[in-house]
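In: with the input below, show me the fold.
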Amino acid sequence: MDGADETSPEPLVARAQEALDAGEWLTAKQAYEQRLEQGEDAEALFGLGVAEWWLGQTRASLRHHERAYALFHREPDPEQALLAAFWLCLTYRMSMGNLSASQGWLGRAASLADEFDLGPLGALVLIARADIATDAGRPDEAERFSREALRIAREAGEIDLELCALSELGAALVELGRVEEGTHLLDEAMAGALSGDVVGLDSIVLIACLTITSCSRGGDLTRATQWVRAADEFHQRFGSLHLYTTCRTAYGSVLFATGEWELAEAELQAALKIGTSAEPALQAESLAQLAELRLAQGRPEEASRLLDGHEDHPAAIFAIASLFILCNALWNDLARPIMNGTSWGPSAAGLIVIGLGIPVYYLFARRQENVAGR
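Out: Residues are numbered from 1 along each chain as shown. Next comes the predicted model:
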């Protein structure tokens, strides 16, 4: 094949896809960008978004996946449109922490599955629903969705979908208190994913993150340690900022809960090095967990500073509640008027900071600003 042929659209996309399948993210990104210089193309936009996600360029990934979805939907290519919507649903929730956008894209994926006969791809909608239900504290719903997804995947012989559904089912059972049953399913899914049964590298990340997070929630230090090491080997080979940050945050949480505070801090600080641009949702979780560690160490003022800007994040609820308990004596006199909209001057704020060593006034005032801005 001569040089002219190699730069034509079809060979460029084929080369980019080959690099994507091999985990050569930068090579894939460059090839897709070359293809897009020749004109807009849905397949190239989608592939570029995948490569950018792996490289930690999350916002650019979302932008290109949204454009790819629009083009796939217009063609129409409902299967590819559903895949784009599924990626957007998970990325908005897991990486960005934007639950409204995530639900919106889940709705688009579900609409496509309802309108067209997409076969086993409909299981992706169920997997996303199960994942969201588990995180939202509705494991009974998650169990129902994941069992149905597992049935569809097995009937179709789709191993990637089967192992993703199996991991979702395991996570739901752990949340339901059926820990032994759930962890066995998570172990099975993780073993299958890392052994080479799974074709898609993105499926491995989904399964690994779910397994390690479930180990963290169950306080299983031994299992978490084993799977974090396995996931780290995968990260060293392919690189996944999402997986790396999830591992560090979840493992740090388990270490903190089991009294290994020094090791927990090292893991959480490693997670924070990723930065807010690639994984803002996980960044907030790491900060909240570190704030809890600071509270346990008797350093409440540092805990309060860590929560600055993350007061409304669900992961910060425990740490903020703990700070409120620490200033219980001042709650009725100072906090409640602030929550009711009363304006307090700098002297009152200074009284709280000096009296408690915690900028509680600032936390309340910041939350009021967030509520007022909605």
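
In: what stretches of this protein score poorly on pLDDT?
Out: Along the chain, segments meeting pLDDT under 70 span 1-6, 275-277, 327-374.

In: can you tell me the centre-most residue of it?
Out: Using Cα atoms, centre = their mean, the residue of the chain that lies closest to the mean C-alpha position is M94, 2.1 Å off.

In: skip the chain neighbours and tell me the closest residue to T7.
Out: Closest residue to T7 apart from its sequence neighbours, by Cβ to Cβ, 6 or more residues apart in numbering: Q34 at 7.0 Å. C-beta coordinates here come from the backbone N, C-alpha and C atoms, glycine included.

In: my guess is the one you found contacts L12. True?
Out: Yes - with the criterion set as Cβ atoms under 8 Å, Q34 and L12 qualify as a contacting pair; they are 5.5 Å apart.

In: who's more crowded, those two?
Out: Taking other Cβ atoms under 10 Å, Q34 and L12 do not tie; L12 has more neighbours (22 against 17).

In: let me see the contact set for that one.
Out: Under the criterion of Cβ atoms under 8 Å, 6 or more residues apart in numbering, the contact partners of L12 comprise E6, A31, Y32, Q34, R35, Q38, A44.

In: and if you look at L118?
Out: In this structure, L118 makes contact with P78, E79, L82, L112, judged by Cβ under 8 Å, 6+ apart.

In: among those residues, which pair sits farthest apart?
Out: Of all pairs drawn from the contacts of L118, the one with the largest separation by Cβ to Cβ is E79 and L112; the distance is 8.4 Å.

In: between these two, tell me which one has more neighbours.
Out: More crowded of E79 and L112, by other Cβ under 10 Å: L112, with 26 against 14.

In: check the gap between the residue lying closest to the more buried one once chain neighbours are set aside and A113 for me.
Out: Ranked by Cβ to Cβ, 6+ apart and with sequence neighbours excluded, the top spatial neighbour of L112 is L82, at 4.5 Å. Noted for L82: a distance of 6 Å to A113, by Cβ to Cβ, to the nearest Å.

In: what sits in contact with each of these two?
Out: Both L82 and A113 are in contact with L121, L124, V125, where contact means Cβ under 8 Å, 6+ apart.

In: isn't the last one right up against A113?
Out: Yes - with contact defined as Cβ under 8 Å, V125 counts as touching A113 (5.0 Å).

In: more neighbours, those two?
Out: V125 (24 against 21).

In: the more buried one sits in which helix or strand?
Out: Of the helices and strands defined by DSSP states H and E, V125 is found in helix 122-135.

In: tell me how far the helix or strand following that helix is from the chain's mean position?
Out: Counting by DSSP H and E, the next helix or strand C-terminal to helix 122-135 is helix 139-156. Offset of helix 139-156 from its chain centre (Cα atoms, centre = their mean, to the nearest Å): 21 Å.

In: now stretch 20-30
Out: So, by Cα atoms, centre = their mean, the centroid of stretch 20-30 is 22 Å from its chain's centroid.

In: ends of it, how far apart?
Out: As for stretch 20-30, its first-to-last residue distance stands at 11 Å under the measure Cα to Cα, to the nearest Å.

In: ditto for stretch 263-283
Out: 18 Å.

In: outside of it, which residues touch it?
Out: By Cβ under 8 Å, 6+ apart, stretch 263-283 touches 56-59, 93-97, 241-242, 244-246, 248-249, 251-253, 255-256, 286-287, 289-290, 293.

In: and what of stretch 23-42?
Out: Residues from elsewhere that reach stretch 23-42, judged by Cβ under 8 Å, 6+ apart: 7, 9, 12-13, 15-17, 19-20, 44-45, 47-48, 50-52, 54-55, 67-68, 71-72, 75, 77, 80, 201, 237-239.

In: thinking again about what came up before, let me know the closest of the shared contacts of L82 and A113 to L106.
Out: Of the shared contacts of L82 and A113, the one sitting nearest to L106 (Cβ to Cβ) turns out to be V125, at 7.1 Å.

In: what's near enough to touch the closest one?
Out: Shown in contact with V125 (Cβ under 8 Å, 6+ apart): L82, F86, L106, A109, A110, A113.

In: and the contacts of stretch 263-283, which are buried?
Out: Burial by neighbour count, 16 or more other Cβ atoms under 10 Å: within those this picks out 56-58, 93-97, 241-242, 244-246, 248-249, 251-253, 255-256, 286-287, 289-290, 293.

In: filter the residues you listed down to just the ones in helices.
Out: The subset of those located in helices under the criterion DSSP state H comprises 58, 241-242, 244-246, 248-249, 251-253, 255-256, 286-287, 289-290, 293.

In: got the contact list for A109?
Out: Shown here is A109, whose contacts under the criterion Cβ under 8 Å, 6+ apart are L82, A85, F86, C89, L124, V125, A128.

In: and if we set it to 10 Å?
Out: For A109, the residues meeting the contact criterion (Cβ atoms under 10 Å, 6 or more residues apart in numbering) are 69, 81-89, 118, 121-122, 124-125, 128-129.
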